[in-house]
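Predicted model follows, preceded by the sequence.
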There are 2 protein chains.
Amino acid sequence: MGRWEPNAVERLQYAAVALFLERGYAEVTVAEIAERAGLTKRTFFNHFTDKREVIFAGAAAFEADIVKHLTEVHADAKPLDAAVQALTRGGLDLTRYGEAACARRQVIASSPELQERELIKMAALARVIAKKLEDRLVPGRIALFSAQAAIAVFTAAYDAWIDDITADFATLMRQSLADMHLAIS
Amino acid sequence: MGRWEPNAVERLQYAAVALFLERGYAEVTVAEIAERAGLTKRTFFNHFTDKREVIFAGAAAFEADIVKHLTEVHADAKPLDAAVQALTRGGLDLTRYGEAACARRQVIASSPELQERELIKMAALARVIAKKLEDRLVPGRIALFSAQAAIAVFTAAYDAWIDDITADFATLMRQSLADMHLAIS
DNA sequence: TGAGTGAGTGCACTTGGTGCAATGACAGTC
DNA sequence: GACTGTCATTGCACCAAGTGCACTCACTCA
């Protein structure tokens, strides 16, 4: 593979997921990922700030997608409902990448280091959602609680969807939200 | 300081917090922490699995404390109320260590790495609480949502208490819980 | 007094991660 | 066709986190 093959980032992500599935996150070195992608360790760190990040490169796009959906939700929706609607639409966008999503989820589930990173990405997403809710004049703490609850609803629904990839994601979200209401009531 | 001075773990924790406050988490090496504690880097890693963990050594005790309080909550309390009561009592136990808690919080707030670790500790605590709620015959997903909501309530109240260490923690928890109910309703 | 225990140590090693200078494929310009 | 600039990629040296293993040595107890 020549020095100037295109799509270095995609090749690194693909190689990383494949190797993590084969041998487990901790057993794979960055040098091995880079080698499989026909690149070097130095190039890996030009594209990703650390080893975990190769799995979370899509998070920024997902966050942007959620924010876009959130701006399109009817202005007088209650904050929790607004956040849940945006996450439902964002989740539906994700369901296009079914098999890749499963592989990714499996890798994350196998490594505490990756779970840490996922939690902080979700926490950051919650803060962004909360900020957008504040733009709708929702008080700060109510906005944050709504966003956090919506993220919890989304995470539960997404896990359920990974368990049965043929299920309808919007339905899973409705069920998850109903359970959240039962839990808080 | 001789080789057999007692309280190696406490000395390492104390040295770590002091150095992190002085120069920031990332700028301090494990070797420096160990040196200030009169020990070596190797000994540090005999006591803590990694550099972050020196800040979270108390988490296991806190978790055990919460579980104990939870078992003492009246059996027919609603799951969210049960979890919130247990976390309120656990939080009150924490308020004894006021100044140390502030320093710790400040260190964590200054480092994304430490925030990641804190999030996973809280997520683990939520799972433990959820499991105990399931022992009360609360359905799995309701239990998890209740526990996560209670943790969110606790975190908000704890942050408020750090802002004003003279405030009554139980009152802050009540206010935080009320806001959570407003957010979900 | 001598064996055993266990906390602490020294050392070599792997791996994640960074700074810096060099390379070389490509585009555009004269 | 030579010249120039750009930028992804690379090589290299280096630091710090973390580990395995053998060793030391203060203390205990028979």
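Right, received. Where do you want to start?

Please count neighbours and contacts with C-alpha atoms only from this point.
Fine.

Show me what from chain A comes close to DNA strand C.
A:3-4, A:26, A:28-31, A:42, A:45, A:49-52 (CA under 7 Å from any atom of the strand).

again, 10 Å this time
Contact residues (CA under 10 Å from any atom of the strand) of chain A with DNA strand C: A:2-6, A:25-34, A:41-54.

Put the buried members of these into a PyMOL selection.
Per 16 or more other CA atoms under 10 Å in any protein chain shown, the buried members of those correspond to this PyMOL selection:
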select buried, chain A and resi 25+28+30+32+33+34+44+48+51+52+53+54
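
just checking, which of the residues of chain A next to DNA strand C belong to helices?
A:30, A:31, A:32, A:33, A:34, A:41, A:42, A:43, A:44, A:45, A:46, A:47 (DSSP state H).

List of residues touching the helix or strand hosting residue A:69?
Residue A:69 belongs to helix A:59-72 when assigned by DSSP states H and E. By CA atoms under 8 Å, 6 or more residues apart in numbering or on different chains, the residues outside helix A:59-72 that reach it are A:82, A:83, A:85, A:86, A:87, A:89, A:90, A:121, A:125, A:128, A:129, A:132.

name the element the first one belongs to?
The secondary structure element spanning residue A:82 is helix A:79-94 (assigned by DSSP H and E).

show me where pLDDT drops low in chain A?
Segments of chain A classed as low confidence (criterion: pLDDT under 70) are A:1-3.

coming back round to it: now render the ones in helices among the residues of chain A next to DNA strand C as a markdown table, adding distance to residue A:174.
Shown next, in a markdown table, are these (distance: CA to CA, whole Å):
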| residue | distance to residue A:174 |
| --- | --- |
| A:30 | 40 |
| A:31 | 44 |
| A:32 | 42 |
| A:33 | 39 |
| A:34 | 42 |
| A:41 | 44 |
| A:42 | 45 |
| A:43 | 43 |
| A:44 | 40 |
| A:45 | 41 |
| A:46 | 41 |
| A:47 | 38 |
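
from these, which are also near DNA strand D?
Restricting these to those near DNA strand D - CA under 10 Å from any atom of the strand - leaves A:34, A:41, A:42, A:43, A:44, A:45, A:46, A:47.

Out of the residues you listed, which comes closest to chain B?
residue A:45 (18.0 Å; CA to the nearest CA).

circling back to that earlier point, export the contacts of helix A:59-72 to TSV and tack on neighbour count?
Shown next, in TSV, are these (neighbours: other CA atoms under 10 Å in any protein chain shown):
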residue	neighbour count
A:82	24
A:83	30
A:85	24
A:86	22
A:87	27
A:89	17
A:90	21
A:121	17
A:125	22
A:128	18
A:129	28
A:132	19
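
quick check, nearest of those residues to residue A:99?
Taking CA to CA as the measure, residue A:99 lies nearest residue A:90 of the contacts of helix A:59-72, at 17.1 Å.

List the contacts of residue A:132.
Here residue A:132 is in contact with A:67, A:70 (criterion: CA under 8 Å, 6+ apart).

how about the next helix or strand after the helix holding residue A:82 as CSV, C-alpha atoms only?
Later in the chain than helix A:79-94, the nearest helix or strand by DSSP H and E is helix A:98-109. The C-alpha coordinates for helix A:98-109 follow below in CSV (Å, rounded to 0.1, in the frame of the first residue of the first chain):
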residue,chain,number,x,y,z
GLY,A,98,-26.3,-1.6,11.8
GLU,A,99,-23.5,-4.1,11.6
ALA,A,100,-20.8,-1.6,12.3
ALA,A,101,-22.7,-0.3,15.3
CYS,A,102,-22.9,-3.8,16.8
ALA,A,103,-19.2,-4.4,16.3
ARG,A,104,-18.4,-1.0,17.9
ARG,A,105,-20.7,-1.7,20.9
GLN,A,106,-19.1,-5.1,21.4
VAL,A,107,-15.7,-3.6,21.5
ILE,A,108,-16.7,-0.9,24.0
ALA,A,109,-18.5,-3.4,26.2
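
Residues contacting helix A:98-109, please?
Outside of helix A:98-109, the residues within contact range by CA under 8 Å, 6+ apart are A:17, A:20-21, A:24-25, A:55, A:94-95, A:114-115, A:118, A:162, A:165.

let's go with 7 Å and repeat that
Residues outside helix A:98-109 that contact it (CA atoms under 7 Å, 6 or more residues apart in numbering or on different chains) are A:17, A:20, A:21, A:114, A:115, A:162, A:165.

Can you give me the buried ones in that helix?
For helix A:98-109, the neighbour count (16+ other CA under 10 Å) marks A:102, A:103, A:104, A:105, A:107, A:108 as buried.

I'd like to know which of these is nearest to residue A:152.
Nearest to residue A:152 among the buried residues of helix A:98-109, with distances taken as CA to CA, is residue A:105, at 16.2 Å.

if I look at that closest one, how far off is DNA strand C?
Applying CA to the nearest atom of the strand, to the nearest Å, the value for residue A:105 to DNA strand C is 19 Å.

Let's verify residue A:11: helix, strand, or coil?
helix (DSSP: H, G, I helix; E, B strand; the rest coil).

Confirm for me that it is in contact with residue A:37.
Yes - assessed by CA atoms under 7 Å, residue A:11 is found in contact with residue A:37 at 5.4 Å.

Can you pull up the residues of chain A that come close to chain B?
Selection of chain A residues close to chain B by CA under 7 Å from any CA of the partner chain yields A:80, A:116-117, A:119-120, A:142, A:145-146, A:179-180, A:182-185.
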